Every structure is written in C-alpha cells, then in structure tokens.
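Enquirer: build me a structure from this.
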Amino acid sequence: MQKNTIYDIAKKANVSASTVSRVINNKPNVKKTTKAHVLKILAECHYVPDETARGLVMQSSKMIGLLIADIRTTHHTDAIYYIERELAKNGYCCLILNTGTDEKEQTQYIKMLSQRKVDAAILIGSIYQTAAIKKAVQIYLSTTPTIILNGYLDAPNIYGLIADEENGVRNCVRLLAEKNRRYLAFIVDRYTPSNLLKLKGFESALAQYLGGARPVIVKTDESRRSAYEATLTLMKEHPEVDGIIYAEDILAVVGIRALTDMKIAIPERVAVVGINNSLHAENSIPTLTSLDNMLYDLSLTAVRNLMDVLRGQYVNKKMMICSEIVEREST
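Expert: Numbering: from 1, shown residues only. From the prediction side, this is the model:
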C-alpha cells in the first residue's frame, strides 16, 4: 500500500498542506472544527508523520543519544533500560552507541550524535570523565544538553550525576570493622574515576576505623578467571586477611567461588562485600552484601533533570546521590 503524503491528506480534507502541517505539529491558529476534521482524516488514513521533516518544523528530533563504553557491562545496560523507559514516557526515542574505551573512537561517536541532530546526550559511566570527552563535547555538542551518569565535567552545557561511592565504601569498611574484621583488602579491575574514588574511600576509612592499617590492594583485569586467580593469590600472600571488598559484584561472586574452593568459610573466616547491588549479589551463594550505588535513582534523576533543561528550567550542574549498604549473608 502506498504511503499517504501530507499533500494526499490535504486533498482529502480540502485544506492546504500548511494547515495539515500545523495540525500535525499542534501549532496554533487552526480553527477547532478544521483541526478536528484534519485529525479525523489523518486517523482514517493511518498517517504516520515523517519524524525527520517534523523535526525540521519543531526544531527537535525527539531523539536522545546514549553513549556506553561496553554494552556487555550489565550495570550500565541496566541504566540504559531505566533511561530509555523514562525517555519513552516523555515522547523521546534513543540512539544507543557502544563507544569502546578508546578516546578517538569516543570522539567520533560524539561527532555522530551531532550529525544525527540529537536533542541531548547522556554519557553512561565515569569513564567519560576525561579531558578528551570535554573537548569533543565542546566542539560537536556545544549547545546540546549533556549529562554524565556517575561523572562530571566543568562545561556550560554538561551536567553531572554522581553516586557517592567514596563515602559508601568508607561505610563498608566501618561495617566490617564493627564486625571485628581487622585486615581488609580491596580487589579492583580497572582504574576508572569511579573505582579511584572507591579506593580513596577504602584507604581513608582504614585510617579512621582501623588505626591506619596498611591497605592491601590487588589489581586484576575484567575477566572472571583473573578475579578468581587474584583472590587465590591474595589469600596465599596475605593469609591474615579477614575481609575483602570487591570493586563490583561480579568480581565478588567470583571471589566467593575462589574462597569456597580454598575451604575458607564465608563470613566466619572472611567477610565479602561487593558494589552495585546487582542480581549477582542476590543470586550468589552465600548471598552477597553489596553497596547499592542507587543506579535506578541516578537514571531517573538524569532523565528528569534533562527534561527540565530542555524546558529551559534551572538545574543544578552537579548532583550527588548517597549510596546504601544492603547487608546479606556474606558479612
């Protein structure tokens, strides 16, 4: 079936094409009776507006660009789900781009958002908190509202929403100290801005709650095998460790497997804490105590702030949301 054009609708409604355009775009200066008649014809013809053409009229593409460094990262894909659902409620669709971690590639994807004429952009993850990203946004999206989820850059059109993971990890150390754990370790995969803040909270809390005990920090990569080996190595080199905080839940779940294979009782001998409060924490055996960095709240607040910015309302440039510990069997 041939698609009806705006001119076909105008002919059937016996009005001008410009009148049909004003009705479609909900513009004023159209009589109520004329508007009702045109809407009736549009419905009868199952007319679907060309969003590109409509965007030219409305000066809006009704599209928001979402950037994620690695689509396989479940914590970030959960954020995309929450954000996309909330944007849809507000009449926006999403252009989701998997940028990788290379700054040159990330810059090209930001340029792509400019070419697609997005109304705004949301960058998911602290990995985008770099000078290269700031420069790219200033070049290609200088007038486009941009929000960083769990990060911030100082630029006129950039807004940041940050999970207070530094203080959250500090509270995790306090929890372990209250449970008479004296020798703590931290296992981290990547030195992202977010993870560096977690480490900062860990080290400062050792000084505050454990008399300045020497921090044991183990660097691993993102593979599960590596997290497993890192846990084995940690316990062989530091058998005194009685509490471990992992930078993410998935690392902690793998660590629990390693400890179990070593016949180390959890939490009786070693207490374990993860970060993200994901499904991994709920499904772990034993279930995993985890720092909830409030991803759902961060995601919804990002969309609400963005809608306010697009409406011309004042929005704080930088907001912080407190994290909470969800205690389970591993502590």
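Enquirer: use CA for all of it now, contacts and neighbours both
Expert: Noted.
Enquirer: quick check, residue 4 in contact with residue 47.
Expert: Yes: at 6.4 Å, residue 4 and residue 47 qualify as touching, with contact defined as C-alpha atoms under 8 Å.
Enquirer: surely residue 312 forms part of a helix?
Expert: No: counting by DSSP: H, G, I helix; E, B strand; the rest coil, residue 312 is not found in a helix; it is coil.
Enquirer: what's the distance between it and residue 161?
Expert: From residue 312 over to residue 161 the distance is 19 Å, taken as C-alpha to C-alpha, to the nearest Å.
Enquirer: tell me which of the two has more neighbours.
Expert: residue 161 (23 against 9; other C-alpha atoms under 10 Å).
Enquirer: what strand or helix carries the more buried one?
Expert: strand 158-164 (DSSP states H and E).
Enquirer: can I get the helix or strand just after that strand as CSV, trimmed to CA atoms?
Expert: Next along the chain after strand 158-164, taking DSSP H and E as the criterion, comes helix 165-178. This file holds the C-alpha atoms of helix 165-178, laid out as CSV (Å, rounded to 0.1, in the frame of the first residue of the first chain):
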residue,chain,number,x,y,z
GLU,A,165,30.7,5.6,46.2
GLU,A,166,33.7,7.1,48.1
ASN,A,167,31.7,7.6,51.3
GLY,A,168,29.8,4.4,50.5
VAL,A,169,33.0,2.3,50.6
ARG,A,170,34.0,4.1,53.7
ASN,A,171,30.8,2.9,55.3
CYS,A,172,31.6,-0.6,54.1
VAL,A,173,34.9,-0.5,55.9
ARG,A,174,33.1,0.7,59.0
LEU,A,175,30.7,-2.2,58.8
LEU,A,176,33.5,-4.7,58.6
ALA,A,177,35.3,-3.0,61.5
GLU,A,178,32.2,-3.3,63.6
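Enquirer: quick check: mean pLDDT of the next helix or strand after helix 165-178?
Expert: The first helix or strand that comes after helix 165-178 along the chain, using DSSP H and E, is strand 184-188. Taken as a whole, strand 184-188 has a mean pLDDT of 98.
Enquirer: contacting residues around the next helix or strand after strand 184-188?
Expert: Next helix or strand after strand 184-188 toward the C-terminus (DSSP H and E): helix 193-209. Residues outside helix 193-209 that contact it (C-alpha atoms under 8 Å, 6 or more residues apart in numbering) are 126-127, 129, 150-151, 165-171, 173-174, 177, 186, 188, 212-215, 247.
Enquirer: try it again with 7 Å
Expert: Contacts with helix 193-209, where a contact means C-alpha atoms under 7 Å, 6 or more residues apart in numbering, come from 126-127, 165-167, 169-170, 173-174, 177, 212-213, 215, 247.
Enquirer: let me see the domain layout of this protein.
Expert: Taking automatic domain parsing as the criterion, the chain consists of the domains 6-58, 63-163+295-322, 165-292.
Enquirer: what sits against residue 228?
Expert: Residue 228 sits in contact with 254, 255, 258, where contact means C-alpha under 7 Å, 6+ apart.
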